[in-house]
Structure formats: C-alpha cells, structure tokens
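K.L.:
Have a look; sequence and predicted model below, questions after that.
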Amino acid sequence: MKVILTENLYKVGEAGGVVEVKDGFARNFLLPQGKAVKADKGNMMRIEAIKKKAEASRLRLLSELKESASVLEGKTLEFEMNSDKDGKLYGSVSDVEISAKIKEVFGLEIKRRMIELPERIKNVGEFQVVLHFGPEVAVNVNVLVKNSELKLERVEDNKEQAEASVEEEA
C-alpha cells in the first residue's frame, strides 16, 4: 500500500515522502496513529503542506534537543563503586546506571539507547561517553568512576584485625 508519511519514521522514510509499505503495517499502525495518510489524488496534492508542517515540527524538536544537550555538554558524572586494589570494579557501570545518574543529577530523562557505550565500564578511571539526542545532536559526557573509600578502609581494617589475631594466636 502506498502512503504519504506525515512525520519522520526511523527506517521507513521522511515526512512528506511517498513510500510503499505492507498493508497490515499501514492499516494497523501508520494510519490509526496518524503517522501516514493514504496516497490518493487528494492527499498527493497536499504533500507540500505536509512537508512544511513536518519541517516546522522537526525544527522545533531540534531546538528542544539542542537545549537539553547544552545542559549536559562537557559535564562529569561521578560514580563511587567498590573495586579491588588493582582498580577492577565489583560489578560495572552500564548505560542503565548512566541514564539513572543523569536523571538524578540533571532531571533529564535519557533513554539507554541514546547512550553510546561500547562496553560496560569495569575499571576505575575517567571515560568519555557520547549521548545521541537525535541524528544531528550529540554531546560528550565524562564518566568518572572512583573507588569507594569506605569499602577500602573497611578492607584495610579487616586485614589489620586478621593480622593482629594471627599474631596473638602465635
């Protein structure tokens, strides 16, 4: 079925474009959601109006995304995690934790698919993470993973107590 898209759809097409889609996809999703209209003669004449409306919507969305992105540009997110003496974490920092930290600190809702993290962070250190707000908007955020000092102190205290008890037994 040929339809005219009323908004940009990932992997389908851009607003105002005439695309061929499967009948079920058009009937069950695109048409009821208002994301497309049937490509008949009357609607074909309205393509320019649809394109203008979509472009205005895209520009408004782009400005909102840039505003949100500017809040996070160059910021540092700090995580305190338990690790061994070599700096390997007991666990990891994933896109889920980064998303939750951004919501906690900045109040922005970031979906995990927007976070470009090649693999989970499993070591103490500073890492660069890219947040994709859209095809044209991406920002870099620093992720600083520190060793939890409280845990380190407890481990050292336990070692000292164990050594003291071994010396008393001897």
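P.N.:
Now that the structure is in, tell me what you want to look at. Numbering: from 1, shown residues only.

K.L.:
Helices of the protein, residue ranges please.
P.N.:
Along the chain, counting by DSSP state H, helices occupy 23-25, 31-33, 41-45, 47-72, 95-106, 149-169.

K.L.:
Any idea which of those helices has the lowest pLDDT on average?
P.N.:
Per-segment mean pLDDT for these reaches its minimum on helix 149-169, at a mean of 59.

K.L.:
ok, the longest strand anywhere in the chain: who's next to it in the sheet?
P.N.:
Longest strand in the chain by number of residues, with DSSP state E as the criterion: strand 138-147. Pairing partners of strand 138-147, with direction, according to DSSP bridges: strand 76-81 (parallel), strand 125-132 (antiparallel).

K.L.:
Would you format those as JSON lines with mean neighbour count, mean pLDDT and distance to residue 15 included?
P.N.:
Every residue, glycine included, has its C-beta placed from N, CA and C. Formatted as JSON lines, the strands paired with strand 138-147 follow (neighbours: other CB atoms under 10 Å; pLDDT from 0 to 100; distance: least, CB to CB, whole Å):
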{"stretch": "strand 76-81", "mean neighbour count": "15", "mean pLDDT": "90", "distance to residue 15": "35"}
{"stretch": "strand 125-132", "mean neighbour count": "15", "mean pLDDT": "91", "distance to residue 15": "20"}
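
K.L.:
Quick check: which of the ones you listed is nearest to residue 11?
P.N.:
In this view, these are compared for proximity to residue 11 by CB to CB, and strand 125-132 is the closest at 15.9 Å.

K.L.:
now the angle from that closest one to helix 95-106?
P.N.:
90 degrees (axes from the mean of the first three to the mean of the last three CA atoms, to 10 degrees).

K.L.:
what's in contact with strand 125-132?
P.N.:
Counting by CB atoms under 8 Å, 6 or more residues apart in numbering, strand 125-132 makes contact with 69, 72, 76, 87, 98, 110, 114-117, 121, 138-145, all of which sit outside it.

K.L.:
what do you get for stretch 90-108?
P.N.:
For stretch 90-108, contacts defined as CB under 8 Å, 6+ apart pick out 68, 71-72, 75, 77, 79, 81-84, 109-112, 115, 117, 120-122, 129, 141, 143, 145.

K.L.:
quick revisit: among the strands paired with strand 138-147, which is nearest residue 3?
P.N.:
Nearest of those to residue 3, taken as CB to CB: strand 125-132 at 27.7 Å.
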